[in-house]
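> I would like the atomic coordinates for the input below:
(2 chains)
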Protein chains: 2
Amino acid sequence: MSFTACLSYLAIALHLANGGYVYKTEYLTVPVDHFSFTNKDTFRMKYLINDTFWEREKGPIFFYAGNEGAIEMFCENTGFMWEIAEEFRALVVFAEHRYYGVSMPYGNRSFDDISRVGYLTSQQALADYVDLITYLSHNGSYSNRELYQMGDIYDTVSGGTLAPSATNPVIAFGGSYGGMLAAWFRMKYPAIIEGAIASSAPIWQFTGMTPCNAFYRVTSSVYTDTSAECGLTILASWKAIDNVTKTVDGKAWLSQKWNLCSPLTNDDDVSTLKDWVSELYVNLAMINYPYPANFLTPLPGHPVKEVCKPMKNHKEDDFTLLGSVFKGLSVYFNYTGTSKCLDILTSSAPTLGEKGWSYQSCTEIVMPMCSNGIKDIFEKKPWNFEENARYCFETFGVQPSIYSVEKTYGGKNLNAASNIIFSNGLLDPWSSGGVLQDISKTVLAVVIPESAHHLDLRASNPKDPESVIKARKIYKNWIKKWIFHYQNHPTRGSNNSFVKQQIVLTI
Amino acid sequence: MSFTACLSYLAIALHLANGGYVYKTEYLTVPVDHFSFTNKDTFRMKYLINDTFWEREKGPIFFYAGNEGAIEMFCENTGFMWEIAEEFRALVVFAEHRYYGVSMPYGNRSFDDISRVGYLTSQQALADYVDLITYLSHNGSYSNRELYQMGDIYDTVSGGTLAPSATNPVIAFGGSYGGMLAAWFRMKYPAIIEGAIASSAPIWQFTGMTPCNAFYRVTSSVYTDTSAECGLTILASWKAIDNVTKTVDGKAWLSQKWNLCSPLTNDDDVSTLKDWVSELYVNLAMINYPYPANFLTPLPGHPVKEVCKPMKNHKEDDFTLLGSVFKGLSVYFNYTGTSKCLDILTSSAPTLGEKGWSYQSCTEIVMPMCSNGIKDIFEKKPWNFEENARYCFETFGVQPSIYSVEKTYGGKNLNAASNIIFSNGLLDPWSSGGVLQDISKTVLAVVIPESAHHLDLRASNPKDPESVIKARKIYKNWIKKWIFHYQNHPTRGSNNSFVKQQIVLTI
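Residues are numbered from 1 along each chain as shown, chains lettered A, B, ... in the order given. So this is what the prediction gives:
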């Protein structure tokens, strides 16, 4: 247990006006496998916790359903939870997703083979979170393992009294995959989760639910809406790269011009470069926040606007155009001025847990994507399931389960769900797979025109668009409703009430 | 594939007025482990199916969630589904629960060790059923395995079109543990199950939710309500057995008088005898139907009344009293006149899958029970968790997970559930752990005063009490509502509708 100040470590993160978030770092031992009894291994799941404002008797638990990365990153970038904790007298918890950060079921060997990595699934992660909440809602007075084994304090008259029913309502929060988890958490465990704020959660970005070109169309619109010329320049750049790198000299020229860490030597390198740049455009659109921030990488405010600035004329000759594009790209990879060269072999989002996500993308989180260069600004790339499946089999020995998510969580049929807010920014590529229309009176879509990827969950900032400020108010009102309902619904706490009407023995 | 007439094989089963049910016996290959990727084994799950009346386009699927036994037994004893299938143009399906009947994941070795039996859980069984329904709702046009791997027919434009969304609403049925599964099925997979008829489902017969003595109190009331003297005689019989069997001669006398297959030789044998008789009283109360039936064993109508007939005077001397008790017991074990002796080493419910149930009772289905001989007619027996845990560890190498069911399925907090009918007969011991009050407008309790264990799911019979007839009408009305709602709700089939309001690219 250690106290750590979650100060965003880069000076540009000025938006943390309160001076950062203070929390304790804790660990809970949980089973590696929640769904069979064949594997008794356990591991330590990390979580960050702050009970400064918690009213232990009945105050809510604000629970961030950690996603694909070290949990500190989500803690730093989910200021909304921190800002409303005092008003709600809430416990604030950020749980780290298994197989990310330090929450490795098998330590350094967690990805060695399928017998170890095979327990990386969304359902296992949710079951971890169930254990954590069960533990926390009993004030940490006994450990999770003991919960299963406390024969010694077993009440022989009532058949036991230490059931995991809690008196503290739990509100789940999450952004992106974390938002999917928050929504699924409420769907699968509604007795444990009273409501969920699922921000930028593309729960429909799956086979048969969303056209594979939707994602790149939205991404493209972010650039073309910023500047039509910018979009057209990016579209032209792919061909320009091909033209220029046809020759050895051209490859050398581009390698030097773009300051690549490793020079381009063949066509595969050129493909790698284009993939890297495509991913960069996507990431830039995702984190196109109106103020300087450090989510995936440090960036200025309105980074897409910055990137687009030098891309003014798509009719430039190939060499000039690639020079303009590079000026734009530099905003992303070298904003802090510390990158010596552009390394296309490392991710443009280095803070995420790539290995885990690559595996999840090969098993249950299979999101078909394609582009065509007509309705989007990217090169034509059909969704190639077979190639994808081959890669997955070679890399992890698995076959993608493309219908796993729909079978498990219900796909488009969310009629039975309740108490979930799906928020999406229309500047966010991932809105393509999000819920953009209300499903029912309690499963709501909040569409935020000026928001990128889960901007709404970030700390408030003077530069926040009005629509984001309004969205946060909506969340607060619903959270209040959910908590009120939880604390006032007759079923809650009525254990054994049925005995009252049990037929009376005549003996 | 074989056609089999599900004719109840005993002549006494006269209630099958229609001459039995006709179905095909089929098998679906499903994964042994649905929740990790570490185990790629598969097995063949058996199911019984009849599509005579099915309107394939949009007719419902009536799905029996098989419980702890060979599926034919539930098929034979769930006439209600068969009787309403034509009116609803429904497909009728009975799925066999893994590790029961012939649906053995590892054949004869399924119970050999924890690496094999460890996949026997309710959640794994529900996931089997999801696969079966997904398969059936696609008209059996491709196998479940292919569903995961059909890269060749993958649509590169839409990102695939063969999602498991079905056009056929599925109604789950089940009695007892099968009723628990039906209810949990709707809770966990509401996109797949539109509604559930959960008959005699003791979903609250778990730690912390129901006093451990409730079960035996209700059982006792069945006897004392039939005849106060009967209850008092049973209560007196335990002491009488103890008194008589104190001596070697007494043991010999009782062994001969009760026609035991193996004579009593020590106190352990006497304990075994008393346990066997206790279980018999429970089973008798469960299947205390108003007409001859063959559920757990062949019995006359109103068997408790028959059993109680000779037990008229609890003040008889010990020997006379035990003679009277034996006359009563004979109704149960020897109704067909074929039993040569009373074998207390075999279960009094020989058609159930004892091994599997014993294991489930040692892992997630831990139901605390106790009796005290004051408010019930049984010997004093506290719930002994430690002894139970020791047995489970020695037998299966597992620790009981006493809170697993509550954590997984929500316990008393069912506020978010919908479209479930919990029916309970007040003559049924298991009503002690059932839902006897409405939870909400769509989670309803149907309490049937004159019904024993899931009598309501049986075929109609001229001797059915009015309350059972009325209950079945209520089910039919709700099933109609659920199907109507499914077929008319706007979300259904609105795939990709959100694209309509997607922002338009300006390029």
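
> and A:Tyr23, that's in a helix?
No - counting by DSSP: H, G, I helix; E, B strand; the rest coil, A:Tyr23 is not found in a helix; it is strand.

> could you double-check that it sits in contact with A:Thr52?
No - look at A:Tyr23 against A:Thr52 with Cβ atoms under 8 Å: they stay out of range, at 9.3 Å. C-betas here are computed from N, CA, C, even on glycine.

> comparing the two, which shows the higher neighbour count?
The residue with more neighbours, out of A:Tyr23 and A:Thr52, is A:Tyr23; 24 against 12, by other Cβ atoms under 10 Å in any protein chain shown.

> and the more buried one, how close does it get to A:Phe94?
Look at A:Tyr23 and A:Phe94: by Cβ to Cβ, to the nearest Å, they are 8 Å apart.

> overlap in contacts of those two?
A:Leu48, A:Ile49, A:Cys75 (Cβ atoms under 8 Å, 6 or more residues apart in numbering or on different chains).

> out of those, which is most surrounded?
Within those, neighbour counts (other Cβ under 10 Å) peak at A:Cys75, which reaches 26 neighbours.

> now do the helices in the stretch 1-150 of chain A.
Under the criterion DSSP state H, counting those that start in this stretch, the stretch 1-150 of chain A contains helices at A:71-76, A:79-88, A:114-117, A:122-136, A:144-149.

> please enumerate the helices of the stretch 251-400 of chain A.
Secondary structure of the stretch 251-400 of chain A (DSSP H, counting those that start in this stretch): helices at A:267-286, A:303-308, A:318-333, A:354-362, A:385-396.

> between these, which gets nearest to chain B?
Closest to chain B of the helices of the stretch 251-400 of chain A is helix A:385-396 (Cβ to the nearest Cβ; 4.3 Å).

> for the closest one, list every residue counted as buried.
Using 16 or more other Cβ atoms under 10 Å in any protein chain shown as the test for burial, helix A:385-396 gives A:Phe385, A:Asn388, A:Ala389, A:Cys392, A:Phe396.

> export these to CSV and tack on distance to B:Phe63 and pLDDT?
Converted to CSV, the buried residues of helix A:385-396 look like this (distance: Cβ to Cβ, whole Å; pLDDT from 0 to 100):
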residue, distance to B:Phe63, pLDDT
A:Phe385, 31, 88
A:Asn388, 33, 91
A:Ala389, 31, 93
A:Cys392, 32, 94
A:Phe396, 34, 93
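
> count of neighbours near A:Lys481?
Neighbour count of A:Lys481, defined by other Cβ under 10 Å: 14.

> my guess is A:Met367 meets A:Pro202, correct?
Yes - using Cβ under 8 Å, A:Met367 makes contact with A:Pro202 at a distance of 7.3 Å.

> how about A:Pro105: what's its closest non-neighbour residue?
Setting aside the residues directly before and after it, A:Pro105 is nearest to A:Phe43 in space (Cβ to Cβ, 6 or more residues apart in numbering or on different chains), at 4.1 Å.

> what residues are bridge-paired with that neighbour?
For A:Phe43, the beta-bridge partners are A:Val30 (DSSP bridges).

> tell me the spacing between it and A:Cys261.
36 Å.

> more crowded one of these two?
A:Phe43 (20 against 13).

> contacts only, for A:Ser255.
Shown in contact with A:Ser255 (Cβ under 8 Å, 6+ apart): A:Ser262, A:Pro263, A:Leu264.

> and the second one, how many neighbours?
Read that as A:Pro263. By other Cβ under 10 Å, neighbour count at A:Pro263 equals 11.

> low pLDDT regions in the stretch 51-200 of chain A?
The model of the stretch 51-200 of chain A has pLDDT under 70 over residues A:139-166.

> and with 50 instead?
Per-residue confidence for the stretch 51-200 of chain A (pLDDT under 50) gives these ranges: A:140-165.

> what ranges do the strands span in it?
Under the criterion DSSP state E, counting those that start in this stretch, the stretch 51-200 of chain A contains strands at A:61-65, A:91-95, A:170-175, A:195-199.

> tilt between the third one and helix A:122-136?
Put plainly, it is strand A:170-175. Orientation check (axes from the mean of the first three to the mean of the last three Cα atoms, to 10 degrees): strand A:170-175 against helix A:122-136 gives 140 degrees.

> A:Phe206 is in contact with A:Ile402, isn't it?
Yes - with contact defined as Cβ under 8 Å, A:Phe206 and A:Ile402 form a contacting pair (7.3 Å).

> who has more neighbours out of the two?
Between A:Phe206 and A:Ile402, A:Ile402 has the larger neighbour count (other Cβ under 10 Å), namely 28 against 25.

> hang on, isn't that one packed against A:Cys212?
No - contact criterion Cβ under 8 Å: A:Ile402 and A:Cys212 do not qualify, at 11.9 Å.

> list phi and psi for A:Val447.
phi -100, psi 120 (degrees, to the nearest 10).

> list the contacts for it?
Residues in contact with A:Val447, defined by Cβ under 8 Å, 6+ apart, are A:Ser423, A:Asn424, A:Leu426, A:Ser431, A:Leu436.

> same thing but 6 Å
Residues counted as contacts of A:Val447 (Cβ atoms under 6 Å, 6 or more residues apart in numbering or on different chains) are A:Asn424, A:Leu436.

> relative to A:Ser423, how far out is it?
8 Å.

> now A:Gly107
A:Gly107 is 36 Å from A:Ser423, by Cβ to Cβ.

> thinking again about what came up before, closest to B:Asn39 out of the shared contacts of A:Tyr23 and A:Phe94?
A:Leu48 (33.4 Å; Cβ to Cβ).

> count of neighbours near the residue lying closest to A:Pro31 once chain neighbours are set aside?
Leaving aside its chain neighbours, A:Pro31 sits nearest to A:Thr42 (5.6 Å; criterion: Cβ to Cβ, 6+ apart). Using other Cβ under 10 Å, A:Thr42 has 15 neighbouring residues.

> one more: A:Asp41?
Here the count is done by other Cβ under 10 Å, and A:Asp41 has 11 residues near it.

> ditto for A:Ser330
Neighbours around A:Ser330, by other Cβ under 10 Å: 18.

> just give me the longest helix of chain A.
Across chain A, the longest stretch assigned as helix under DSSP state H is helix A:466-488.

> for that one, list every residue counted as buried.
So for helix A:466-488, counting by 16+ other Cβ under 10 Å, buried means A:Ser467, A:Val468, A:Ala471, A:Arg472, A:Tyr475, A:Lys476, A:Trp478, A:Ile479, A:Trp482, A:Ile483, A:His485, A:Tyr486.

> surely A:Arg44 is in contact with A:Glu26?
No - judged on Cβ atoms under 6 Å, A:Arg44 makes no contact with A:Glu26 at a distance of 9.5 Å.

> if you count what's nearby, which of the two comes out ahead?
Set A:Arg44 next to A:Glu26 and count neighbours by other Cβ under 10 Å: A:Glu26 wins out with 18 against 14.

> which pLDDT value belongs to that one?
Each residue has a pLDDT score; the one for A:Glu26 is 96.

> show me what it is bridged to.
A:Tyr47.

> mind checking how far it is from chain B?
20 Å (Cβ to the nearest Cβ, to the nearest Å).

> these two touch, right, A:Cys341 and A:Cys261?
Yes - at 4.0 Å, A:Cys341 and A:Cys261 qualify as touching, with contact defined as Cβ under 6 Å.
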